[in-house]
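Peer 1: Predicted model, plus sequence, below.
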Amino acid sequence: MHKLRFLILLICLSFIRMETSHAAASDYKIQAEDVLRITVFDEPTLTLETRVHGSGTITYPLLKDISVAGKTAREVQDNIKALLAKDYLVDPQVNINILEYSEQTFSVMGQVRVPNQYGLPPEKDIDLVQAISLAGGLTPNAKRNSIELFRDGKKSRYSYDDLLLQKNKDPKKRVVVKPGDVIKIPERFF
């Protein structure tokens, strides 16, 4: 009886985990270098695997170049379905899967235990506190009130303690790390 309850609990937890990762993946915006699998039911000539070009487009049979970067898989799926239905097929059933995510990275340097370049997980956002944790955390010599974030040629400063408070108070206001960000933790002078 206890084994059965435990098994049911495990099954429920796995469904919750699958649902959570599906929701996160459905928000993912397609980027250059991602690999997509496009399937059209009962149309093998329109089913293909393709890499997103640096221009943010894919080349697709009958439709030529289609812009996909910055859109979710669902948006691309609906777009291809509409384009195929317009001139070629009656009620096409289109499915898009992201087979491979392009490598998106950020850097953490300065007074952290493991300064390095790190990969951003495609399925979820990470904030500055989590990024610093990935780098092993702050060293004792870190200037905690002067975390620098370089993004798109601009520099912003944050206090590590304020970031921690903000994260716990209002998770929606956390500072999310973006591809190409450089996080620098300066050394404090005694």
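Peer 2: Okay, I see it.
Peer 1: can you list the domains in the chain?
Peer 2: Annotated domains of the chain cover 35-100, 105-185 [automatic domain parsing].
Peer 1: Ok, which of those comes nearest Lys29?
Peer 2: Nearest of the domains of the chain to Lys29, taken as C-beta to C-beta: domain 35-100 at 5.3 Å. Placement of C-beta: from N, CA and C, glycine included.
Peer 1: Mind putting the domains of the chain into TSV with mean pLDDT, distance to Asp27 and mean neighbour count?
Peer 2: As requested, these are exported to TSV (pLDDT from 0 to 100; distance: least, C-beta to C-beta, whole Å; neighbours: other C-beta atoms under 10 Å):
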stretch	mean pLDDT	distance to Asp27	mean neighbour count
domain 35-100	95	7	15
domain 105-185	91	9	15
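Peer 1: quick one, what contacts the most centrally placed residue in the chain?
Peer 2: The centroid of the chain falls nearest to Pro122 when counting by C-alpha atoms, centre = their mean (2.7 Å). Shown in contact with Pro122 (C-beta atoms under 8 Å, 6 or more residues apart in numbering): Ala25, Tyr28, Ile98, Tyr101, Gln104.
Peer 1: Leu48 too?
Peer 2: Residues near Leu48 by C-beta under 8 Å, 6+ apart: Arg37, Ile38, Tyr60, Pro61.
Peer 1: Nearest residue to the last one in space, please, no chain neighbours.
Peer 2: Taking C-beta to C-beta, 6 or more residues apart in numbering, and ignoring the residues beside it in sequence, Pro61 has Leu46 as its nearest neighbour in space, at 5.7 Å.
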